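Trainee: could you look at this predicted model? Sequence included:
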Amino acid sequence: MDRLLAALEDDPSAADFAISAFQSALLSYRHDSILRPFPPQYMQGEERDISSVKSVASRLPSVVDLKKQLRNGTADPDTIDLVSWLLFDCRPSCRLRTAHLSAFKDIQKKTGRSSYAIQPSYVVELLWSESSSLGGEGAGSQFSRLSQTHGTFYAYHGSRVENFHSILRYGLISHLNKNSLFGVGTYLSTDLSVCMPYSPIGQSWTQSELGRLMSCVAICEVVNHPQLKSGRIQARKSEGGEMVDDKVPDKYYIVGNNEFLRVKYVLVFADKDSKKSIKSSNRLFRMMSRHKVGTMIILYMLLLAVIGFLQSTFYMRLSRQLFPS
């Protein structure tokens, strides 16, 4: 409990983003395939107890409220268990940290400016452990050796919000990419505006302090390897077996080897107005819950006022003018 409280106090925005990504994957109709990793405490043999996870997730308080509950000892044990797994055990080889927005300016210097002005709401940095051995995570010794040999550059990758729970754990896996117009691989671009259409605004978490609606773009560090496909002529076999030339568009890169890249940052574009509206509605709901008798009296008085208005001569005269028989 102390470790969880310390993590929430140290970087509440990073914790909020981790929970939001999980909630988005959980609520997606594709949760069977994208909710990976899945909390092991809700596995029954080979079966996922998805209903229990949804039940606990629906009761998760905001990060601010959870910190208060942890301090006064009223936090729900299931909440502690799930959030602790998300922050500590879900990504053993990676830690999330909120970066200053100035980090985006540094990245733009490396990638070049977008075709149109765009500014993220938050920048989340992924701190990978060098001991990681998963190629999909791209943070292990193999990536380090390749980057030292060939050098690296930065590029963007757009994806739906619900995919980022898996991306934060496994990185970008080339064979899972659905876009194969110019060959199999992970599609990147040095122009952020190219990736934005692939990152539509989606539902995140109703209790998020970042915003109830958001879109995300991954920023990847990419090994500048000769096998990397970029904006030049590429040869492939057509369905008929003939060799054809594909022109990869300018500023596009296609990474077929997972060891050639790692996710370094995530740009979060949050709808802050939705956060304010949900907070206002939550405050109103809590106030009505605390004052049930007063709420019932007010609603009863409103009902009497409506009935009185409908029976008034003014309303009858007005209705005859608007709807003459």
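Mentor: Happy to help now that I have it. Numbering: from 1, shown residues only.

Trainee: ignoring the adjacent residues along the chain, who's closest to Gln41?
Mentor: Take Gln41 and drop its neighbours on the chain: the residue closest to it by Cβ to Cβ, 6 or more residues apart in numbering is Asp81, 6.3 Å away. For glycine as for every other residue, the C-beta is placed from the backbone atoms N, C-alpha and C.

Trainee: which strand or helix spans that neighbour?
Mentor: Secondary structure from DSSP states H and E places Asp81 in helix 77-84.

Trainee: separation between the residue nearest to Gln41 and Glu162?
Mentor: 23 Å (Cβ to Cβ, to the nearest Å).

Trainee: so for those two, which residue has more residues nearby?
Mentor: Glu162 (24 against 15; other Cβ atoms under 10 Å).

Trainee: which intervals of this structure have sub-threshold pLDDT?
Mentor: 130-140, 175-181, 231-246, 273-290, 315, 318, 322, 324-325 (pLDDT under 70).

Trainee: that one: helices as residue ranges?
Mentor: In the chain, the helices defined using DSSP state H lie at 2-10, 12-27, 31-34, 50-58, 63-72, 77-84, 102-111, 141-150, 164-170, 192-195, 272-290, 292-310, 313-322.

Trainee: show me this structure divided up by domain.
Mentor: Domain assignment for the chain, taken from automatic domain parsing, gives 2-89, 94-272, 277-322.

Trainee: any idea which of the ones you listed is most buried?
Mentor: domain 94-272 (a mean of 18; mean count of other Cβ atoms under 10 Å).

Trainee: that one: end-to-end distance?
Mentor: 27 Å (Cα to Cα, to the nearest Å).

Trainee: cool, and stretch 85-98?
Mentor: 19 Å.

Trainee: contacts for it next, please.
Mentor: 3-4, 7, 11, 13-15, 17-19, 22, 37, 39-41, 122-129, 131-132, 134, 137, 139, 168-169 (Cβ atoms under 8 Å, 6 or more residues apart in numbering).

Trainee: same deal with stretch 122-131?
Mentor: With Cβ under 8 Å, 6+ apart, stretch 122-131 has contacts from 13-14, 17, 92-101, 103-104, 137-141, 144, 168, 210, 262-268, 270.

Trainee: taking the residues you listed one by one, which sit in strands?
Mentor: 94-99, 262-268, 270 (DSSP state E).

Trainee: can you say which two of those residues are spatially most distant?
Mentor: Arg262 and Ala270 (24.1 Å; Cβ to Cβ).

Trainee: is it true that Leu213 touches Ile201?
Mentor: Yes: the criterion here is Cβ atoms under 8 Å, and Leu213 meets it with Ile201 at 5.2 Å.

Trainee: any common contacting residues for the two?
Mentor: With Cβ under 8 Å, 6+ apart, Leu213 and Ile201 have common neighbours Asp271.

Trainee: show me what contacts the closest residue to Phe260 other than its chain neighbours?
Mentor: Of all residues not flanking Phe260 in the chain, Val223 sits nearest, at 4.4 Å (Cβ to Cβ, 6+ apart). By Cβ under 8 Å, 6+ apart, Val223 lies in contact with Phe143, Leu146, Ser147, His150, Gly151, Thr152, Glu259, Phe260, Leu261.

Trainee: give the bridge partners for the closest residue in space to Phe38 that isn't next to it in sequence, please.
Mentor: Nearest residue to Phe38, sequence neighbours excluded (Cβ to Cβ, 6+ apart): Arg48, at 5.8 Å. Beta-bridge pairing of Arg48 under DSSP bridges involves Met43.

Trainee: got the contact list for Arg48?
Mentor: Arg48 neighbours (Cβ under 8 Å, 6+ apart): Asp32, Phe38, Tyr42.

Trainee: can you redo the residues you listed as CSV with distance to Ala218?
Mentor: Shown next, in CSV, are the contacts of Arg48 (distance: Cβ to Cβ, whole Å):
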residue, distance to Ala218
Asp32, 23
Phe38, 21
Tyr42, 27
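
Trainee: against Val268, how distant is the residue nearest to Val161 when sequence neighbours are not counted?
Mentor: In space, and not counting its chain neighbours, Val161 is closest to Gly202: 3.8 Å by Cβ to Cβ, 6+ apart. Using Cβ to Cβ, Gly202 is found at 12 Å from Val268.

Trainee: what of Arg262?
Mentor: Taken as Cβ to Cβ, the span from Arg262 to Val268 is 19 Å.

Trainee: try Ala21
Mentor: Taken as Cβ to Cβ, the span from Ala21 to Val268 is 10 Å.

Trainee: find residues that contact each of the two.
Mentor: With Cβ under 8 Å, 6+ apart as the test, Ala21 and Val268 both reach Cys216.
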